[in-house]
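> Need a 3D model of the sequence below.
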Amino acid sequence: MSKYILSIEDNANDIQLMRRIFNKDIPNVEIRHINNGEEALKIMKERNFLADAPSLVLLDIKMSGINGLDLLKQIKNNDSLRAIPIVIFSSSVQLSDLQRAYELSVNSYIEKPKDFQQLKETLKTITKYWLDLNKN
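From the prediction side, this is the model:
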């Protein structure tokens, strides 16, 4: 079972930037993307998902359909999925989003940087912490 990060993100530009960063600067870690909450929920409920579960989920909040907070709630209420670490990775800095995410048992909440260099450094730090330093 290989270590990988699952990004649930509907912004095509953000997905492209993240892929570029992982391919060039974090090549030893695979990043996979799911474009919306509905698809993520469908995939996560498949029986073979847990056999190859991600080491970490980066979850955007502002998505059409099932938004990130609603998806977080469904994941954390599922006995099979709740142990997967989830980091909200969103441009939202609303206090209500932050509070709600922690009420729903998110593992961490990180504001998505708007600058490419900061985004690269943030993703490298997240990856190092969750895949190398954190013991789970």
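> Would you mind giving both backbone torsions of the most centrally placed residue in the chain?
By CA atoms, centre = their mean, the chain has its centre lying nearest to Leu58, at 1.0 Å. Leu58 has phi and psi values of phi -100, psi 120 when expressed as degrees, to the nearest 10.
> Show me the shaky parts of this protein.
Along the chain, the model assigns pLDDT under 70 to residues 1-2.
> Check whether the residue nearest to the centre of the chain really touches Ile8, as I assumed.
Yes - with contact defined as CB atoms under 8 Å, Leu58 counts as touching Ile8 (7.1 Å). Glycine gets a C-beta too; all of them are placed from N, C-alpha and C.
> What's the separation between the closest residue to the residue nearest to the centre of the chain other than its chain neighbours and Leu59?
The shortest distance from Leu58 to any non-neighbouring residue, by CB to CB, 6 or more residues apart in numbering, is to Phe89 (4.2 Å). Separation of Phe89 from Leu59 (CB to CB, to the nearest Å): 7 Å.
> again, but for Gln16
Separation of Gln16 from Leu59 (CB to CB): 18 Å.
> Between the two, point out the one with more neighbours.
The residue with more neighbours, out of Gln16 and Leu59, is Leu59; 27 against 11, by other CB atoms under 10 Å.
> Nothing else from me, thank you.
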